[in-house]
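K.L.:
Have a look; sequence and predicted model below, questions after that.
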Amino acid sequence: MTAVFDALRTGPQTEIDIALLDPDERMVVRRIRIDGSVGSTPNVPVGRFTGVFYVVGDERRAAERFVEENRDALSDLDFSSRNPISTSVDRDLYDWILHALGERELEVHETVVIERRDDVIWCLGRRTFEETPMRRYSVGGSGSAKIEDVDLAELYDSFDGPLTESTLAAEPSVSGDTRVVLDAFRQSPAFDCRPTTVDGELAIEPVDAGSDRSGT
């Protein structure tokens, strides 16, 4: 193992000589590099962004380092539309950059991802989140659910007894695949509940009404 690769394994780096890596090591090293002009902001030239090298699988720490190095330039971007970051990096990296910036909060579990924004919460199946990023924010199919005007803790506390697919579907604030919402409650440590069924429907049942349900 080269010293350069050993340094990358300890954490993402802004300056390395990639020529010093062995061929096998180069195959698993990536760089966050902002280029192109799509979505560019006039007062934020692409050259202002410091690149970050990282080992495949270390995307979250790479995003955190990228934000740390480029916070001033990033503060001038509009993340509600296409921008130089969204058009230059893979979707998974972009998600973690938004998370590190505080634009969105990701809570990743074994089979579900909870994504919190200022105005909405998305509950997304893990496969939907990772494998179909361009279609994840749609409530027309399976694997995605949208919750508006209420946070998860308030939604959870609004029910007494078991919470089923159909009771969630009847909630005006919930749209999409309600099974993913049930899975979010089941996997988030903020909610003390267990899976069950009610009249053939998937459901969850609270275990301890006094548990911490802050959802944050």
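P.N.:
On my side now, so go ahead.
K.L.:
Setting aside sequence-adjacent positions, which residue approaches Y94 most closely?
P.N.:
S86 (5.4 Å; Cβ to Cβ, 6 or more residues apart in numbering). C-betas here are computed from N, CA, C, even on glycine.
K.L.:
Does that neighbour touch L98 like I think?
P.N.:
No: the pair S86 / L98 is not scored as a contact, 9.1 Å apart, by Cβ atoms under 8 Å.
K.L.:
I204 against F185, yeah?
P.N.:
Yes: with contact defined as Cβ under 8 Å, I204 reaches F185; the gap is 5.3 Å.
K.L.:
got any residues that touch both of these two?
P.N.:
Listed contacts common to I204 and F185 are 163, 191, 193; contacts here mean Cβ atoms under 8 Å, 6 or more residues apart in numbering.
K.L.:
By neighbours, which of those wins?
P.N.:
L163 (25 neighbours; other Cβ atoms under 10 Å).
K.L.:
could the shared contacts of I204 and F185 be laid out in CSV, adding secondary structure?
P.N.:
Output for the shared contacts of I204 and F185, formatted as CSV (DSSP: H, G, I helix; E, B strand; the rest coil):
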residue, secondary structure
L163, strand
F191, coil
C193, strand
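K.L.:
Closest one of those residues to V181?
P.N.:
L163 (8.7 Å; Cβ to Cβ).
K.L.:
Measure how buried the closest residue to that closest one other than its chain neighbours is and give me the count.
P.N.:
Once flanking residues are discounted, L163 sits nearest to I204: 5.2 Å by Cβ to Cβ, 6+ apart. I204 has 23 neighbours, counted by other Cβ under 10 Å.
K.L.:
residues near D92, how many?
P.N.:
Neighbours around D92, by other Cβ under 10 Å: 14.
K.L.:
That one belongs to a helix?
P.N.:
Yes: counting by three-state DSSP, D92 is found in a helix.
K.L.:
residue contacts, it?
P.N.:
Neighbouring residues of D92 by Cβ under 8 Å, 6+ apart: 59, 130, 133.
K.L.:
How about the secondary structure of the second one?
P.N.:
Spelled out, it's E130. Criterion first, three-state DSSP; result for E130: helix.
K.L.:
Could you measure from it over to L124?
P.N.:
Look at E130 and L124: by Cβ to Cβ, to the nearest Å, they are 9 Å apart.
K.L.:
between those two, who's got more neighbours?
P.N.:
L124 (27 against 15).
K.L.:
How about V4, nearest residue that isn't a chain neighbour?
P.N.:
Once flanking residues are discounted, V4 sits nearest to L20: 4.7 Å by Cβ to Cβ, 6+ apart.
K.L.:
Let me know the closest of the contacts of D92 to D78.
P.N.:
Closest to D78, out of all of the contacts of D92 and judged by Cβ to Cβ, is P133, at 20.0 Å.
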